[in-house]
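Trainee: This is a predicted model, with the sequence first.
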Amino acid sequence: MLYSYPSKLAIYILRVYPCLEYLLIIRGITLGDYSESRKTIEYAKRIVVKVGTSSLTYDNGKMNLGNIDRLCRSISDLMNRGKEVLLVSSGAIGVGIGYLDLKERPSTTREKQAIASVGQCELMNAYTRSFAEYSYRCGQILLTKDDITDKLTRSNITNTIETLLEMRIIPVFNENDSVSTTEIMHNGTFGDNDTLSADIAVLANADLLIILSDVDGLYDSNPRENPDAKRISYVDKVTADMVELTAGKGSWLGTGGMATKITAMCKVTENGIMGVIADGSIIQTLEKIVDQEDVGTFFAAQ
């Protein structure tokens, strides 16, 4: 007799040893037909959440304390459910701009690096205060691309992540903008924290990557230009056409656009990790995603 429900053991075995699928079938266990379904989110234990500058700040650069508190509350609620949550947070430069009352984003690299050092302190202060309200603590991990690619440093990062999670401490990641120029010199198409969040998800062997943005997922056309644009709820596989469709720049405070988010989803899904892009300003977005509600755009793991 074949069971049509997704066995948790079966999902785990298939993820680690995909070549053993025929053994599960022989044993009479199948995952059932879950095309166009988010049912597999139910089994996501380790979740990476990426939040962008536009979700953390107002247009004038000041911190959106309401959004930050709602984010920390939602993450704390997921932790209470027994999930492991890692937070990838943009916003160091954006928050620094607001904190220093600057009227525009600085143009030189040295100015951006200095502002990032100020903004990162303010950002972590906000996270520390908000998480403490829900009896959780957070730890900061600032990375450069070299940290991810170097074998020894990569191992050290993994050890730090595992130790923090074992202690039920929420790791908060960001690009180390004060010493790295990759993101600071970014032109709006490649190299921002969307890519970092995908790298962290793969490095931490996560089950799900959630990217919170200022738009409610992927659309069949630009919703800012076409009022009739329709949200795409489910993506089975990322295609080159999707990347081309979403090419565009993010806000003046941030660096990312939808194309970098789609590229990040492509990377994680190819590594067997599910993904969701959703609007970070909606109340309880994270809870709704984990509860498998039709929020944002779901990207199926390959």
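Mentor: Ah, there it is. Numbers count the residues shown, from 1 in each chain.
Trainee: Give me the secondary structure label for Ile211.
Mentor: When classified by DSSP: H, G, I helix; E, B strand; the rest coil, Ile211 comes out as strand.
Trainee: distance of it from Ala264?
Mentor: Distance, Ile211 to Ala264, using C-beta to C-beta, to the nearest Å: 7 Å. Where you see a C-beta, it was placed from the backbone N, CA and C, and this is true even at glycine.
Trainee: Now the common contact residues for those two.
Mentor: 50, 194, 197, 275 (C-beta atoms under 8 Å, 6 or more residues apart in numbering).
Trainee: Could you measure from the second one over to Met258?
Mentor: Spelled out, it's Asp194. Taking C-beta to C-beta, one finds Asp194 at 9 Å from Met258.
Trainee: between these two, who's got more neighbours?
Mentor: Using other C-beta atoms under 10 Å as the criterion, Asp194 and Met258 rank with Asp194 on top: 29 against 24.
Trainee: got a list of contacts for the helix or strand in which the more buried one is found?
Mentor: Using DSSP states H and E, Asp194 sits in helix 193-203. Helix 193-203 has contacts (C-beta under 8 Å, 6+ apart) with 48, 50, 52, 86, 88-90, 143, 148, 154, 157-158, 161, 173-175, 183, 206, 209, 211, 255-256, 260-261, 263-265, 267-268, 271, 273.
Trainee: among the residues you listed, which are in strands?
Mentor: Among the contacts of helix 193-203, the members falling in strands (DSSP state E) are 48, 50, 86, 88-89, 143, 173-175, 209, 211.
Trainee: roughly how far is the longest helix seen in the chain from the heart of the chain?
Mentor: If you go by DSSP state H, the chain has its longest helix at helix 109-133. How far helix 109-133 lies from its chain's middle: 19 Å, per C-alpha atoms, centre = their mean, to the nearest Å.
Trainee: returning to that earlier point: next, the angle strand 208-213 makes with the helix holding Asp194.
Mentor: Note on geometry: by axes from the mean of the first three to the mean of the last three C-alpha atoms, to 10 degrees, helix 193-203 and strand 208-213 are set 170 degrees apart in direction.
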